[in-house]
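> Quick check, what structure comes out for this input:
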Amino acid sequence: MANETVFKRYKGNPIITAAAVPRANSIHNSAIVTFEDGYAGIFRVDEIDFNFTMHVGMSKDGINWKIDPEALKMECDDPEIPIDERAYDPRLTKIDDTYYFTWCIDSRQGPCIGFATTKDFKSFKQMENITIPSNRNCVIFPRRINGKYAIFSRPSDMGHTPFGPMFYSTSPDLVHWGCHRFVFGTVRSSWQSTKIGPGPAPIETDDGWLLIYHGVWTSCNGYLYYTGGALLDKEKPWKVLYRTRDYLLAPTELYERVGDVPNVVFPSSAIVKDGVLRLYYGCADTCVSIADAKLDELIRFIKTHSL
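Numbering: from 1, shown residues only. I've put the predicted structure just below:
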């Protein structure tokens with residue numbers, strides 16, 4: 001199977017542009033989940049003064065969205081926790097009846113991972129940050145593994161991270177994180193040779209945890225972002241079973257090649273319904289698009305086009 005047939009782009013892409021929020025310069029790299037009888041999302045909005053904020057959005061079909069023009073606000077019991085800095089690249093995971101989300105805080109000490117919970121997408125409670133600086137990407141697993149909460153994260157630096165292996169960590173209480181395990185890093189002379197990072201929350205399948213991730217290649221004209229996939233052991237998710245040699249998505253469309261940051265397809269959310277995985281991804285740090293893949297075909301592709 002050729003990689004072009006795994007994911008099929010929606011003909012109406014991009015589905016979200018800066019026109020959705022009055023002060024937006026761009027909307028991209030956002031978190032979307034099923035909620036009640038529709039969908040809910042937390043959207044990264046880069047404003048016209050280049051402050052980065054997060055906004056709640058709602059949709060009946062996951063394609064047509066109404067996004068709150070006001071930035072998301074959170075409650076916190078500890079005044080030491082909130083950091084009044086730019087917030088971006090949210091991820092969402094549902095565990096039981098609670099939605100957990102992480103995002104990157106652009107703190108003065110370097111990027112770190114913020115953490116909050118919600119049940120209704122109206123009130124949000126901010127908790128202890130998951131990481132110290134510097135870390136830029138983090139996703140939470142949708143269930144406990146061996147009795148503990150689990151995450152994938154990608155340590156960073158204070159710049160744009162010209163490196164980047166991914167790690168698995170666990171917590172008994174969503175506050176104290178440890179037992180860090182290396183998962184995988186870059187691959188020399190490939191589309192994932194500069195850095196990699198977790199995309200949507202891992203998806204549990206009969207073949208293992210399905211992880212959609214981004215990989216970056218540095219050309220003579222700068223970074224190019226691609227989308228790859230991996231299958232990981234269910235009880236030891238730092239053990240890689242399969243990992244794509246070939247990319248799943250590349251920046252080929254005009255809306256993926258032209259924008260604030262050219263040549264970017266950045267996977268950030270995935271929803272599985274009726275055997276189809278719908279991938280939401282940021283395009284050129286400017287807008288949001290979707291692409292669908294049959295789950296069984298995607299898993300088969302990862303297995304047959306593995307490193």
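> Now the most centrally placed residue in the chain: closest residue in space that isn't a chain neighbour?
Nearest to the mean C-alpha position of the chain, by C-alpha atoms, centre = their mean, lies S268 at 3.0 Å. Spatial nearest neighbour of S268, chain neighbours left out: N29 (5.0 Å); criterion: C-beta to C-beta, 6 or more residues apart in numbering. Using the backbone N, CA and C atoms, a C-beta is placed for each residue, glycine as well.
> Pretty sure the one you found sits against R91.
No: with contacts defined as C-beta atoms under 8 Å, N29 does not count as touching R91, sitting 9.4 Å away.
> where does the protein have low pLDDT?
Regions of the chain meeting the criterion pLDDT under 70 cover residues 1-4.
> where along it do the helices fall?
In the chain, helices defined by DSSP state H lie at 254-257, 295-304, listed in chain order.
> I'd like the ones you listed as CSV, with distance to L231 appended.
Shown next, in CSV, are those (distance: least, C-beta to C-beta, whole Å):
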stretch, distance to L231
helix 254-257, 26
helix 295-304, 6
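> show me the contacts for the residue nearest to S268.
Contacts for N29 were tallied using C-beta atoms under 8 Å, 6 or more residues apart in numbering; they are 44, 88-89, 266, 268, 282, 285.
> Keep only those of those residues that are in strands.
Judged by DSSP state E, the contacts of N29 include 44, 88-89, 266, 268, 282 as members of strands.
> follow-up on the earlier one: any idea how far the residue nearest to S268 is from Y223?
Counting by C-beta to C-beta, to the nearest Å, the gap from N29 to Y223 is 14 Å.
> same check, this time on K125
K125 sits 35 Å away from Y223 when distances are taken as C-beta to C-beta.
> who's more crowded, those two?
Between K125 and Y223, counted using other C-beta atoms under 10 Å, the more crowded position is Y223 (17 against 14).
> From the ones in strands among the contacts of N29, pick the one nearest H305.
Taking C-beta to C-beta as the measure, H305 sits nearest to F266 out of the ones in strands among the contacts of N29, at 21.0 Å.
> contacting residues around that closest one?
For F266, the contact set (C-beta under 8 Å, 6+ apart) comprises 28-29, 199, 214, 225, 227, 281-283, 285.
> ok, so of these, who is nearest F141?
G199 (13.6 Å).
> From M158, how far off is the nearest residue to that closest one once chain neighbours are set aside?
Nearest in space to G199, with sequence neighbours left out and distances taken as C-beta to C-beta, 6+ apart, is P267 at 3.5 Å. Distance check for P267 against M158: by C-beta to C-beta, it reads 24 Å.
> In terms of neighbours, single out the busier of those two.
The residue with the greater number of neighbours, taking P267 and M158 and applying other C-beta under 10 Å, is P267; the counts read 27 against 13.
> Show me what the more buried one bridges to in the sheet.
Listed beta-bridge partners, P267: Y281 (assigned using DSSP bridges).
> In this structure it contacts R278, no?
No: in this structure P267 lies outside contact range of R278 using C-beta under 8 Å: 11.2 Å.
> that older thread, going by distance to I302, which of the contacts of F266 wins?
T227 (11.9 Å).
> Could I get the contacting residues of the nearest residue to the closest one once chain neighbours are set aside?
What sits nearest to T227 in space, not counting adjacent residues and going by C-beta to C-beta, 6+ apart, is L249, at 3.9 Å. The neighbourhood of L249, defined by C-beta under 8 Å, 6+ apart, consists of 7, 226-227, 265, 267, 279, 281, 291.
> give the contact list for C138.
Residues in contact with C138 (C-beta under 8 Å, 6+ apart) are 91, 102, 104, 113, 130-131, 151-154, 198.
> swap that for E85, sorry
105-108.
> Could you count how many residues lie near G215?
By the measure other C-beta under 10 Å, the count of residues near G215 is 23.
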